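Engineer: Next one to model:
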Amino acid sequence: MTVAFVRGTTTRRVTLMLAMILLLLSSLVTAPIAAQTSEGSFTFDGGQTLTWGDDWELDEDSVALEDGVESALFFRGVSVLSVLTVPNDFDLNQGRDIFLDAFLDAVGESVTIDRGSYGQVSYSLDLVNSAGFESGVFTLFRAGSGATPTFAYVFFAEVSEFASEFASAQTTFLLDGEGLFDGVEGTGLQDLLVANTGSAPPPPEEEIADVVETPESVEIDVDPADDANEPETEGLGDLKDRDDDEDAADADANDPPGTGLVDDSTFVSPWYESELQWDRAWEVNVDRDPFIVENGDGGIDYIALRWTGEGATFLTVSFVPVDGNQPVELLELWQTDEFIADMNIHPDGGIVLVEGTEAIAAIVIRNFTDDGTEFFLYREARFDAERQSVVLFNFTTIPALADPSLTAAQAGIVLDDEPVLDFFSVEEVLDALE
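Structural biologist: Numbers count the residues shown, from 1 in each chain. Below you'll find the predicted structure:
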């Protein structure tokens, strides 16, 4: 096979990856009984340790290291997981596309269902038909930094068993204690694969995830009903391509660096350098459009999160300039007739809590969807005197989920190492909603 459009060391690395992944192709037919290491762990050349349960087996003959590219194959029945590393100067999107195009061409007929990137992650979901058997391929690249290499995960399983096999890999494999596929829904991936079975030619261009450009500005006063009516996520949803290189080239020379989404649990505001972190109870809400804004006009940065527990709970975080957004100013604004009218509050709803200081303003609003479902918005604004900015949190859920989800937010989300959404306690919110 020929690898084109990549030069220098990148060409060699992609070629090496392709050569290594050919082991996967031969294994799909023979499905050999692989040797299981007694420890259930493997340490990569860079020092990272991968661990797994005894229902997956490492093919020790597949372990290879050449020119900074390292690989290992794991089996469970006829399902395969390939884990590869490359130096972290590897271009995620370019390498992913060339690698997958050549790999899928070698497999046989294939359909790309969804392919894109966000932050430091690049992904693809593909359907392959080899000798009449249809299987799904989910590929995920996670960019490395410093001494940590870029990791690439290629998961291969039959369509009918994809969700259960993916769930096994998702819960079994840990890299330095962290999951490989956190935030990805195997059931949703299988649904997408099933919906495309029998389609040998690639799907029409409009069915593939569209590129979304960063908007010029973000409306801060988000209607909470928009969040309350959002559907549950399925699979990857509409992960959007984000070409960071083009964004950087188009940015004004005076703009701050595009820090943004550092990893799947950290966002650093490019404008103000405030750091937002969250634990596994939260993930980036990629179904929201937009789900992230970096270096927005007017000095706005923005990210959307959602609770990973059962039920719809959403959080948006906006980093805005201090002018006109001081907590004392917002407290006054939030209680005006104009603001209440703009919020489209149901006649049976209204403000149930509102209070603040010079540093923090907080408000809780009861509202109802068109079908009568009660929900509430907990909005909190935090003033950062050092950075001359305000961070605005919009938390939305139904009262029945207030205890688990708001508790999870107060315990698992921090802004510059300080807890958030805790001006009102969970008990105060619940009492006010009664």
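
Engineer: Do a quick rundown of the helices in this protein.
Structural biologist: In the chain, the segments counted as helices under DSSP state H are 8-30, 92-107, 162-172, 186-195, 224-228, 244-250, 327-334, 337-342, 407-412, 426-433.

Engineer: Pass me the low-pLDDT residue ranges in the stretch 201-350 of the chain, would you?
Structural biologist: Applying pLDDT under 70 to the stretch 201-350 of the chain picks out residues 201-259.

Engineer: What number of residues are in the vicinity of the nearest residue to Ala432 once chain neighbours are set aside?
Structural biologist: Here the nearest residue to Ala432 in space, its sequence neighbours aside, is Val352; by CB to CB, 6 or more residues apart in numbering that works out to 4.0 Å. In short, each C-beta sits where N, CA and C put it, glycine included. Val352 sits with 17 neighbouring residues when counted by other CB atoms under 10 Å.

Engineer: Asp323 now?
Structural biologist: Neighbourhood size, Asp323 [other CB under 10 Å]: 12.

Engineer: Distance check, it against Asp45.
Structural biologist: The spacing between Asp323 and Asp45, counted by CB to CB, to the nearest Å, is 51 Å.

Engineer: Strands along the stretch 51-200 of the chain, start to end?
Structural biologist: With DSSP state E, counting those that start in this stretch as the criterion, the stretch 51-200 of the chain has strands at 57-66, 69-76, 79-86, 109-118, 121-130, 133-142, 150-158, 174-175, 178-179.

Engineer: For these, give me CSV that also has distance to Asn285 and mean pLDDT.
Structural biologist: Putting the strands of the stretch 51-200 of the chain into CSV (distance: least, CB to CB, whole Å; pLDDT from 0 to 100) gives the following:
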stretch, distance to Asn285, mean pLDDT
strand 57-66, 35, 81
strand 69-76, 31, 85
strand 79-86, 27, 87
strand 109-118, 11, 84
strand 121-130, 15, 86
strand 133-142, 18, 87
strand 150-158, 22, 90
strand 174-175, 24, 92
strand 178-179, 18, 90
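
Engineer: now, of those, which is deepest in the fold?
Structural biologist: Among the strands of the stretch 51-200 of the chain, strand 79-86 has the highest mean neighbour count (mean count of other CB atoms under 10 Å), at a mean of 24.

Engineer: Report the strands that pair with it, each with its relative direction.
Structural biologist: Its sheet considered, strand 79-86 pairs with strand 69-76 (antiparallel), strand 150-158 (antiparallel) by DSSP bridges.

Engineer: Give me the contact list for that strand.
Structural biologist: Defining contact as CB atoms under 8 Å, 6 or more residues apart in numbering, one finds that strand 79-86 is touched by 13, 17, 20-21, 24, 27-28, 44-46, 48, 50, 56, 68-75, 95, 144, 149-158, 161, 165, 168-169, 173, 180.

Engineer: One more: stretch 378-392?
Structural biologist: 220, 269, 271-274, 276, 299, 317-322, 325-327, 330, 334, 356, 358-365, 393-396, 406, 415-416, 420-421, 423-424, 429.

Engineer: Looking at those, which are in strands?
Structural biologist: Taking DSSP state E as the definition of strands, these contribute 276, 317-321, 356, 360-365, 393-396, 415.

Engineer: ChimeraX command for the buried members of those?
Structural biologist: The ChimeraX selection below is limited to those of the ones in strands among the contacts of stretch 378-392 classed as buried (16 or more other CB atoms under 10 Å):
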select :276,317,318,319,320,356,360,361,362,363,364,365,393,394,395,396,415
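
Engineer: contacting residues for the residue nearest to Ala432?
Structural biologist: Under the contact definition (CB under 8 Å, 6+ apart), the residues listed for Val352 are Val364, Ile365, Arg366, Phe376, Ala432, Leu433.

Engineer: Please look at the first one and Phe376 and confirm they touch.
Structural biologist: Looking back up the chat, that one is Val364. Yes: checked against CB atoms under 8 Å, the pair Val364 and Phe376 is within contact range at 5.9 Å.

Engineer: and for the two, which residues touch both?
Structural biologist: Any residue near both Val364 and Phe376 by CB under 8 Å, 6+ apart counts here, and that gives Val352, Val429, Leu433.

Engineer: Going by distance to Glu294, which of these wins?
Structural biologist: Closest approach between the shared contacts of Val364 and Phe376 and Glu294, by CB to CB: Val429, at 31.3 Å.

Engineer: Quickly note the distance from the residue nearest the centre of the chain to Gly412.
Structural biologist: By CA atoms, centre = their mean, the mean C-alpha position of the chain lies nearest to Val284, the distance being 4.7 Å. Distance of Val284 to Gly412, computed by CB to CB: 14 Å.

Engineer: just Asp431 next, same as before
Structural biologist: Shown here: Asp431 relative to Gly412, a distance of 23 Å by CB to CB.

Engineer: who's more crowded, those two?
Structural biologist: The neighbour count for Asp431 versus Gly412, taken as other CB under 10 Å, is higher for Gly412 (17 against 12).

Engineer: Could I get the contacting residues of the more buried one?
Structural biologist: The neighbourhood of Gly412, defined by CB under 8 Å, 6+ apart, consists of Trp278, Asp279, Arg280, Ala281, Trp282.

Engineer: Now distance to Val194 too, for these, in JSON lines please.
Structural biologist: Supplementary listing: the contacts of Gly412 in JSON lines, determined by distance: CB to CB, whole Å:
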{"residue": "Trp278", "distance to Val194": "32"}
{"residue": "Asp279", "distance to Val194": "32"}
{"residue": "Arg280", "distance to Val194": "28"}
{"residue": "Ala281", "distance to Val194": "29"}
{"residue": "Trp282", "distance to Val194": "29"}
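
Engineer: what's the most distant pair in those?
Structural biologist: Trp278 and Arg280 (8.3 Å).

Engineer: who's more crowded, these two?
Structural biologist: Relative neighbour count places Trp278 above the other of Trp278 and Arg280, with 24 against 14, counting by other CB under 10 Å.

Engineer: Now do the residue in the chain sticking out farthest from the centre against Arg115, distance only.
Structural biologist: The centre of the chain is farthest from one residue, Asp337, which by CA atoms, centre = their mean lies 37.7 Å away. When distances are taken as CB to CB, Asp337 and Arg115 turn out to be 48 Å apart.
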